[in-house]
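Peer 1: Below is the sequence, then the predicted model.
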Amino acid sequence: MKKTLLFTSLAILSASLSYAQSEPSKPSYEKQVYINGDGDIFVQKELPMYLKFSTTPGGENYDLKSTEPQYGEPMYLDTEGPNYIRSKFAVDPETGKTVQPPREVLYEVNADGLAPVTTLRFDNAPKAVRNGTTYYGKGLTFSLTPRDGVSGVKGTQYALGGGYNDYSSDVSASTEGAQTLYYYSFDFVGNAENTKSSAFTVDLTAPKTNYEVVGINKGGTILAPSASVKLTSSDNLSGVRTTYYAFDDGSGRVYSGPVNVGGLSDGEHTIRYYAVDYVKNMEGGDNGANASTFKFYMDKIPPVPTHEVVGDQYKGNYLYISPRTTIELAATDNKAGVKNIYYRIDGGERNTYGSSFKMPSDRGVHSVKYDANDQVENLSGNKYINVFMDADAPETGIIYANPQFMDRDTLFITSKSTISLRMRDDASGVQKTEYQVDGKGYKTYDAFTIPNEGYHTINFKSVDNVNNQEQEKTSSCFVDNTAPEIFVKFSIEPIGMKNGKPVYPNYTRMYVGATDKKVGTESIQYGMDGGALQLYSSPQTLDASEVSRFRKNKKYEVKVVAKDKLGNTSEQTVEFYVGKDAE
């Protein structure tokens, strides 16, 4: 028995040492006898018992002797709970006879060698077990429920972050962090429960969520349709269980990965987000009412590119331009701003627009395709410019109307000869034609004549509708308004005068001639005495110098008309008498 006691003491000592580093100092409890209010006797089972008796209440005690002193002096109770000291038969104290029917007389003594058993319960807080660690959330309390089957529980002790305290009711455990609760109970005879412990962590802090814009954006607040919002939640204790998000006034959704924003309409939006950990600590307060927000602008509208044709241009069947014409491109954007403008000429290489440019100088139709993107890569649709490159100046010719006559390298005309210009341009068309005579200043063209006789120089040119200017052209002419000079001669000198007119004999002949200084005489006609004109020296008609027309003695009147090769006409009337009579 002594060996058993020694072993138990060493076990208790060993258990105490195992908690020495973390368990608070625990008091020792004396083994004892306990008599409750009903007079029930409870003996700590390891205590020795010495039996005595007395013949009178409060009288002298006499030791009882055992037949086996080694086991009975002292005696140890062998059974947990009720033990009995008995007399075989009960004797009636008045008669001194055995009570019938016979029955035993029992003296009950309760042996109590077992410590109470305490049950721990945590309440009022969410619980999660993560990687072997138990976590509790807000509102945590614990209760201890001890049970003892014999003498009963006398007290319960607990220690949480300090020394032992008497337990009487639920205890709050509201300090955040890792903790160990130590507790035990003891009964009325000095049996103390081996200290129990429960390690747990109190998590009172909600997770923290941060956002990150992934993909194309400007300044982190203007997002492209291809962009997404990445949420990263962290929790320092129990860990993040779920992250939620919602756009604008929409309902919350469980976050499972970067959230694409391309489904949102163009304009301003807000994403609300919060996380909940495994013990229901909620970021942003209850129901995420104060959740974090990220306000941004969803830019889905591409830029609007425009163009301007600067310089020479004319709208006809095409938009005609000249080699001097430039193309300017521009674009506007509703939010993020224009990044680049791109263009291709005649389907060629794609260029980034930097400054105005010219179209190829080859005559004919050319095209420009252009578009623009903004700072978040929204790309506009294609726009087109179609132009006709008119690089050639008009061609202008001069036409001299009749009368005209060309002699060697000189063109002769009269003041009646209309001068016309004929201009041609087979692209944008002629805008204007100008001319000047003898360097006296250009005039806008209209058919004209030159009144002044003499040598003249005409300069003329045309400009088309895209301001291609023809090289000045020059044409020369001589204006001849002077008719031939008529000469009349007679074959004999006059023989006298009559009425102031010469008198010739009837055998006289009249000779007619004309000279022209510039173009020469074209024809000479004559008529006698009011008769019809006839060609002089005509092959069909003999003229007055070849026939005897002056045989009669009378007064003659001969009209002579001479024309040069331009139709300039002069005439002369000759009056004379034929006969013998003279003054």
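Peer 2: Okay, I see it.

Peer 1: Mind jotting down where the helices sit in this protein?
Peer 2: Under the criterion DSSP state H, helices of the chain are mapped to 2-18, 69-72.

Peer 1: Least reliable of those helices by average pLDDT, please.
Peer 2: Lowest mean pLDDT within these: helix 2-18, at a mean of 31.

Peer 1: Hmm, S174 and V202 touching each other?
Peer 2: Yes: with contacts counted by Cβ atoms under 8 Å, V202 reaches S174, the gap being 7.0 Å. Just so you know, the C-beta spots here come from the backbone N, C-alpha and C atoms, and that holds for glycine as well.

Peer 1: which residues are common contacts for these two?
Peer 2: Common neighbours of V202 and S174, using Cβ atoms under 8 Å, 6 or more residues apart in numbering, are L140.

Peer 1: So these two - more neighbours on which side?
Peer 2: V202 (21 against 13; other Cβ atoms under 10 Å).

Peer 1: That one: what's it in contact with?
Peer 2: Contacts of V202 (Cβ under 8 Å, 6+ apart): A125, Y135, Y136, G137, L140, A173, S174, T175, E176, G177, Q179.

Peer 1: which among the residues you listed end up buried?
Peer 2: With burial judged by 16 or more other Cβ atoms under 10 Å, the buried subset of the contacts of V202 is A125, Y135, Y136, G137, L140, A173, Q179.

Peer 1: Out of these, which is nearest to T332?
Peer 2: G137 (54.5 Å; Cβ to Cβ).

Peer 1: contacting residues around the nearest residue to the closest one once chain neighbours are set aside?
Peer 2: Distances taken as Cβ to Cβ, 6 or more residues apart in numbering put V279 closest to G137, at 3.2 Å, once the chain neighbours are dropped. Residues in contact with V279 (Cβ under 8 Å, 6+ apart) are A125, P126, K127, A128, Y135, Y136, G137, K138, D203, S238.

Peer 1: rerun at 7 Å
Peer 2: Residues counted as contacts of V279 (Cβ atoms under 7 Å, 6 or more residues apart in numbering) are A125, P126, K127, A128, Y135, Y136, G137, D203, S238.

Peer 1: roughly how far apart are the fourth one and M282?
Peer 2: As judged by Cβ to Cβ, to the nearest Å, A128 and M282 stand 14 Å apart.

Peer 1: Equivalent analysis for the last one, please.
Peer 2: If you measure S238 against M282 using Cβ to Cβ, the figure is 12 Å.

Peer 1: Looking only at neighbour counts, state which of those two leads.
Peer 2: More crowded of S238 and M282, by other Cβ under 10 Å: S238, with 26 against 20.

Peer 1: for stretch 555-572, the distance to its chain's centre please.
Peer 2: 94 Å (Cα atoms, centre = their mean, to the nearest Å).

Peer 1: buried sites along that stretch?
Peer 2: Of all the residues in stretch 555-572, those buried under the rule 16+ other Cβ under 10 Å are 556, 558-568, 570, 572.

Peer 1: Including pLDDT and distance to Y29, could those residues go into a markdown table?
Peer 2: Output for the buried residues of stretch 555-572, formatted as a markdown table (pLDDT from 0 to 100; distance: Cβ to Cβ, whole Å):
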| residue | pLDDT | distance to Y29 |
| --- | --- | --- |
| Y556 | 92 | 188 |
| V558 | 94 | 183 |
| K559 | 96 | 178 |
| V560 | 96 | 177 |
| V561 | 97 | 172 |
| A562 | 96 | 171 |
| K563 | 96 | 166 |
| D564 | 95 | 164 |
| K565 | 95 | 162 |
| L566 | 95 | 159 |
| G567 | 95 | 161 |
| N568 | 96 | 162 |
| S570 | 96 | 169 |
| Q572 | 96 | 176 |
